[in-house]
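1. below is the sequence, then the predicted model.
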Amino acid sequence: MALSQHQQALSQLQSFNALPAHLRGMATAHQQFTRYAEDSYSANTLRMVDFAEKHWAHWLAKQTDLPTECWHEQQLLLYPIWPDILCRYIDELSESMSLNSVQTYINLLNFKNKKLGFPSLLQHTHVQWAMRRATNRALDAGEQIGQAQPFRLHDLELLLQIFADTDDPKLMRDLLLVWIAYESLLRESELVNIRCNDLLPGRQYSIRVRKTKTTKTLEDNEVLLSEPCSQCLHRYMTHFDLPLSSSSYLFRRLKKNGELFHSEENCKKLSGRTVDDIFRFFYWQIDPDVRAELQNSIHTADDSRYQTWTGHSARVGAAIDLFVYGASVHEIMRLGRWRNDQTVMRYIRRISMQELPMNRMVTERLKR
């Protein structure tokens, strides 16, 4: 369908009954999506879809004489997304955005398009060609995918040497958070959602993970913590007098005097930004010479977001350490609850040159 036909249809939106049959069906599909999506998908996912839709509406507005508001407010005109129009969109995006950003926008639009009952855009040959053009353009430009700087086991050891015996409430909380983040391979959103009654006590604590990004079944999903980490967790629970029966968040805001908020009104979980700030703080506590060594041991895209640790760093570093330790990609996927092995492969490419199997094999054999 040409854009002019979309534009012509806009004049028919006086009432639901006045809509053509195909637009009435589209309006119904939108109503159903709006009704059920909030309970079916995370708020972050829906925000990202809305952001992508607004960008798509803005681009459509530039192709016609209709303002962006008309396209976005009358969302049923945004769908179905026609492959040939989307190809033009992809070509323009790839001229000013990174390949990763282009893929994100297209995946979000495809997600909504499919939920409204239309075929996957990514299966269309013309769209595949357009994405291949975008990939080739990125390769020719020498583009690299940015990746969180890994927080690895030796980094955790350094922090424990500095802060293990601290009595500062905030440092106790923050050190436990990064430790559990590393051992559990939980995402930021999953980490801050841990509640006290999700903990199963013992010589080694277990964490019952209620819901993850990839949760598709009601099967139990538990993470077993090491004995040292369990001892740190027990010390934290004892210090703040946190009962295992409580449904309050394990990691929560602190009062100015260093005490945890306990009332339901103020007992809010930490934000993703706070988690990033915690990792960033610990990064700057490490000796500058050690930091320089960390920077030199990995290959980082030129992106200021990844010059220090972030909340995702522990997940990346743990995947790398598991691979170096001998775990298979399948085992790493299971422990990190990944569905796509390409994600794991992208993480382990960050292994330093000295740790690569070929380098180790030749060095050990010939260095005599």
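-> Sure thing, it's come through. Residues are numbered from 1 along each chain as shown.
2. list the contacts of stretch 79-86.
-> 1, 3, 26, 56, 106, 109-110, 112-113, 116, 118, 121, 124, 126-127, 130 (CB atoms under 8 Å, 6 or more residues apart in numbering). Where C-beta positions appear, they are placed from N, C-alpha and C, glycine not excepted.
3. between the residues you listed, which sits nearest Y41?
-> Y41 lies nearest to K112 out of those, by CB to CB, at 10.7 Å.
4. any idea which element the closest one lies in?
-> helix 99-115 (DSSP states H and E).
5. can you point out the buried residues in the next helix or strand after that helix?
-> Where DSSP H and E defines the elements, the next helix or strand beyond helix 99-115 is helix 125-140. Within helix 125-140, the residues that qualify as buried are 127, 130-131, 134, 138, counting by 16 or more other CB atoms under 10 Å.
6. and those residues as a markdown table, adding pLDDT and distance to N44?
-> Listed next are those as a markdown table, based on pLDDT from 0 to 100; distance: CB to CB, whole Å:
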| residue | pLDDT | distance to N44 |
| --- | --- | --- |
| V127 | 94 | 25 |
| A130 | 94 | 27 |
| M131 | 94 | 24 |
| A134 | 92 | 25 |
| A138 | 84 | 26 |
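7. quick check, nearest of those to D198?
-> M131 (40.2 Å).
8. contacts only, for the spatially closest residue to the closest one that is not a sequence neighbour.
-> What sits nearest to M131 in space, not counting adjacent residues and going by CB to CB, 6 or more residues apart in numbering, is I90, at 6.4 Å. For I90, the residues meeting the contact criterion (CB under 8 Å, 6+ apart) are 102, 106, 127, 130-131, 133-134.
9. how is I207 assigned, secondary-structure-wise?
-> Under DSSP: H, G, I helix; E, B strand; the rest coil, I207 falls in the strand class.
10. number of nearby residues for the closest residue in space to it that isn't next to it in sequence?
-> For I207, ignoring the flanking residues on the chain, the nearest one in space by CB to CB, 6+ apart is V223 at 4.6 Å. Number of residues near V223 (other CB atoms under 10 Å) recorded here: 19.
11. in contact with V223, which residues are there?
-> 183-184, 186, 206-207, 209.
12. what pLDDT does it get?
-> V223 is assigned 89 on the pLDDT scale.
13. any idea how far it lies from M237?
-> As judged by CB to CB, to the nearest Å, V223 and M237 stand 16 Å apart.
14. coming back round to it: nearest to K269, of the contacts of stretch 79-86?
-> Using CB to CB, the contacts of stretch 79-86 come closest to K269 at K112, 28.2 Å.
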